[in-house]
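[1] just need the structure, nothing else, for what follows:
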Amino acid sequence: MSSSEEGRRLSHLREEISALGIREAEVSVFRRSIRLSGMCGDWATIVRAGKKAAKLGYKGVVNEIELDGFTPPPIRRSAIEDGAIDGERPDVLIIGGGVIGCAIARELRRWDVSVLLCEKESDVAMHASSRNDGMIHPGIASHIGSLRGKMNVEGNLMYTQLCKDLKIPFKRYGNFILYSDHLFGVGGRAVLGARAKAFGIPGGHISRQRMHELEPNITDAALGAFSYPMSGVLSPYKLTVALAENAVENGARVSLDTIVTSMEMEHGRIAAVHTNRGTVYPRLVVNAAGVFSDIIAKMADDQFFTIHPRKGELVILDKKKGKLVQRSMGLVSVKAATSDTKGGGVMRTIDGNVLVGPDAYEEPLREDFSTHADHVDAILEKHLPLIKGFAKSDVITYFAGVRASNYEEEFIVERSEEVDNLVHAAAIQSPGLASAPAIAKRIAEISTAALGEQMDVHKNDRFDPVRKAAPVLKYLSLEEKQKLIEKNPDYGVIICRCEEISKGEIIDCIHSPIPVTSLDGIKRRVRPGMGRCQGGFCSPLVTSIIAQETGLKPEEITKNGDGTEFLYGPTNKGTGQTAADKGAESKPQAKKAPARKPSAKASAGKGGARTAQKSDKKAPAKAGASKKKGGAEA
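    As a prediction, the model looks like this:
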């Protein structure tokens, strides 16, 4: 393109976004990306401006248009300041402990390279990786030729073996795309058929009669469906935890409560990465920071994209309605089929509940996990009628998540063009969960090739893909349970009645390769508090077990990390005994293991693989009502 032609196109874009209502609009090109600046009083308009810029075909869009009166809130971070990882010199530093970062850490340990993963939260899987529906999409929603589609289909095929190795439940229940418009039925055969052929996705159109034979409770409004049997479902947070644990078992290191604050650049390379827990000197940096991936890129002087947070809310129904539906499904209109999102629907989870939603809307906040009555009501009004027998009274809770969307609506999986030792796994929105194994494999290939320019890189012959998983009581036979309880009576003490979770399983979480001491951290692993009562009965008992095993005071234990303490002190003056202690004492406890307090650095695997934990105790929570954080997790 000539400079004069480019100038005309940029001038036309400036006129277009000015017409939208962007004041003092400016458009420029930096490196191979397009940059927007100006001011506006409406966030949706700012997003529309970025979408228009993306149509020009540049590498990326950096949208710096300011929202009137809006100051981004500080990024949530731990109050810890120490030197837990100061001076570390890993071959690879991964920034971000979601499913993508943890999958990359595990995949990189197939090679003889040292790996350090930093996560700013107190646990892995605390953002989008625990706030989605757990669906492993078949890939039919992606455009032909897109990286999203390619990674989705490749990743989907990897899940059967991956979940077997990680020892987590996974089922290919299948997916229905329902329609109530004859026009969609005709057009869908052409569009979806072409995608299925291009990506190699099995499935296709089925009649209304066959649809009802397979799913008899589907609404009569559906005229037919497109069926894709490769669609699967799993627990996204259990997957992320399992990936992280297997990475640690194979020698990777995970540093929690660790936020990257800045970088030092030398001659086009990242020389040092500063965190609240010390300065790290990596050979290579992998940016897997989710909704903050553009901020990390900017620290390295390589911002060629902008994340515009896309929020979605989901509703969870009681397990008693799980039998009414087997597959994931949504009623799709022609309009929804051409949008950037899939429109939501209903699906049975791997644990037997039903998820309804999500919706999708743009907002400027990257860590807003609040839920709203109008959104929840709209989700229920739209999707509950899909299945005969669903009712609003079946709702047990709801939650929200934020997706890392860029204006190109495309994954960024590549080595930096500007920074020699930086690799991006960025803008990984849906179907990021389904794509995670394939993305991790590609990032490992890119990373080892880059490292090969600095050092000899060899396969790790000691890599063991099979995770050393703790027993899950509800999946065992009666005979297996009996043998386990005879060996360790803690497995015979049921703490969560709704989900049938034992004391032994909770203790296993506390002393796992990624030690955890928060209520939500344990909930993500073994589900106490995810039943109908939502922790009303078991939370005091879980709190007591955490205190007994770690030596923490009950008032020092958090719901979900720093700032979420929920107890103020003993309720029985003079005894130092809480209601949780009394509840635990009322249960039969045959052989109590001695309490073990996690150290600041818990080792696992060869070469001192470790999980950096908090080296100082939290101060007791202040008096006054505690602040509720976000929505519940599924």
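
[2] excluding residues flanking it in the chain, which one is nearest residue 51?
    residue 407 (5.9 Å; C-beta to C-beta, 6 or more residues apart in numbering). For the C-beta atoms, the positions are set from N, CA and C on the backbone; glycine is no exception.

[3] with residue 163 instead?
    residue 170 is the one closest to residue 163 (C-beta to C-beta, 6+ apart), at 3.7 Å.

[4] can you give me the pLDDT of that neighbour?
    What the model reports for residue 170 is a pLDDT of 98.

[5] quick one: it and residue 234 touch, right?
    Yes - here residue 170 reaches residue 234: they are 4.6 Å apart, a contact under C-beta atoms under 8 Å.

[6] the two: who's more crowded?
    Each of residue 170 and residue 234 has its neighbours counted (other C-beta atoms under 10 Å); residue 234 has more, 23 against 19.

[7] ok, that one - contacts?
    134, 136, 159, 163, 168-171, 350 (C-beta atoms under 8 Å, 6 or more residues apart in numbering).

[8] what's the ChimeraX line that selects buried ones from those residues?
    To isolate the buried members of the contacts of residue 234 in ChimeraX, using 16 or more other C-beta atoms under 10 Å:
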select :134,136,159,163,168,170,350
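
[9] out of the contacts of residue 234, list just those in strands.
    residue 136 (DSSP state E).

[10] and the contacts of residue 234, which is closest to residue 196?
    residue 136 (16.6 Å; C-beta to C-beta).

[11] how near is residue 491 to residue 544?
    Using C-beta to C-beta, to the nearest Å, we find residue 491 at a distance of 17 Å from residue 544.

[12] and the helix or strand residue 374 falls within, what does it pack onto?
    Residue 374 belongs to helix 373-383 when assigned by DSSP states H and E. In this structure, helix 373-383 makes packing contacts with strand 307-317, strand 354-357, judged by 3 or more C-beta pairs under 8 Å, 6 or more residues apart in numbering; DSSP states H and E.

[13] next, the buried residues of it.
    Within helix 373-383, the residues scored as buried using 16+ other C-beta under 10 Å are 375-376, 379-380, 382-383.

[14] of those residues, which is the nearest to residue 177?
    Distance to residue 177, by C-beta to C-beta, is smallest for residue 383 among the buried residues of helix 373-383, at 13.9 Å.

[15] okay, now the nearest residue to that closest one once chain neighbours are set aside: neighbour count?
    In this structure, residue 383 finds its nearest non-sequential neighbour in residue 356, 4.9 Å apart by C-beta to C-beta, 6+ apart. Residue 356: 26 surrounding residues under other C-beta under 10 Å.

[16] identify the bridge partners of residue 356.
    Going by DSSP bridges, residue 356 is paired in beta bridges with residue 315, residue 346.

[17] that one: what's it in contact with?
    Contacts of residue 356 by C-beta under 8 Å, 6+ apart are 314-317, 344-346, 379-380, 383-384, 390.

[18] repeat that for residue 439.
    Residue 439 touches 100, 103-104, 151, 155, 411, 413, 425, 428, 432, counting by C-beta under 8 Å, 6+ apart.

[19] now residue 107
    440-441, 443-444.

[20] again, 7 Å this time
    440-441, 444 (C-beta atoms under 7 Å, 6 or more residues apart in numbering).
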